[in-house]
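Enquirer: Fold the following, please.
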Amino acid sequence: MTKKGQIVEIPATASCYKSTEPAFHSKKDELTWRSASKTYSLFDGILVGGHHGVEHFKIGQRKGINVGGKKEPLYVIAVDVPENRLFVGAGENHPGLLTDVVRIGEENLALAGNDWPQQALEAGLAVQVDIEGSEEPLAAKLYHWEGPYFLEFDRKLSVTIKEYIKSITTN
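Expert: Down below sits the predicted model:
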């Protein structure tokens with residue numbers, strides 16, 4: 001049985017997007033902070049509607065939100081399962097939909113045949129990222145210490161980009 005929940009619109013100008021970047025002790029700390037998913041609360045935005053179950057939505061989704069009267073289409077920017085809340089943002093360039101650092105686990109990398117030296121990964125190895133549906137690969141830096149890998153791009157991309165990575169190769 002699905003449970004009705006709330007849809008909260010987070011404005012692109014919300015204070016949660018204006019947080020000052022802290023001083024970092026290492027590149028790993030910086031990438032961890034920059035790749036962290038945003039957390040939102042009811043108080044960050046405006047209640048704009050209801051839904052019939054968060055299990056029907058995913059980040060980046062536009063269809064099925066069923067909130068009208070907006071200048072730009074709404075996109076899901078976060079799903080709060082415990083609170084049964086959807087957070088949405090207006091427009092495809094909403095800051096909740098964009099990132100320049102992606103955290104990926106080893107299971108998401110096509111590492112077979114790539115003998116990347118750890119020293120190069122800690123310094124940021126220049127790579128080309130082949131994205132499903134894109135004609136040109138994207139330039140990025142690949143970092144790795146213990147734990148996840150990080151891809152740092154030179155521009156903001158969709159937060160869903162990691163779902164579409166086909167391969168990562170060195171330049």
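
Enquirer: rest of the way, CA atoms for contacts and neighbours
Expert: Will do.

Enquirer: quick one, domains of this structure?
Expert: 5-96, 98-170 (automatic domain parsing).

Enquirer: Given the lowest-mean-pLDDT helix or strand in the chain, what are its sheet partners and their directions?
Expert: Among the helices and strands of the chain, strand 165-170 carries the lowest confidence by mean pLDDT, DSSP states H and E, at a mean of 86. Using DSSP bridges, strand 165-170 pairs in its sheet with strand 125-131 (antiparallel).

Enquirer: Give me the buried positions along the strand it pairs with.
Expert: 125, 126, 127, 128, 129, 130, 131 (16 or more other Cα atoms under 10 Å).

Enquirer: Same check on stretch 155-171?
Expert: 158, 159, 160, 165, 167, 168, 169.

Enquirer: Show me how far stretch 5-20 is from its chain's centre.
Expert: 15 Å (Cα atoms, centre = their mean, to the nearest Å).

Enquirer: for the longest strand belonging to the chain, packing partners?
Expert: Secondary structure of the chain per DSSP state E: the longest strand is strand 149-158. Judged by 3 or more Cα pairs under 8 Å, 6 or more residues apart in numbering; DSSP states H and E, strand 149-158 is in contact with strand 98-104, strand 138-144.

Enquirer: Can I get those in JSON lines including distance to residue 30?
Expert: Putting those into JSON lines (distance: least, Cα to Cα, whole Å) gives the following:
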{"stretch": "strand 98-104", "distance to residue 30": "10"}
{"stretch": "strand 138-144", "distance to residue 30": "12"}
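
Enquirer: Thank you, goodbye.
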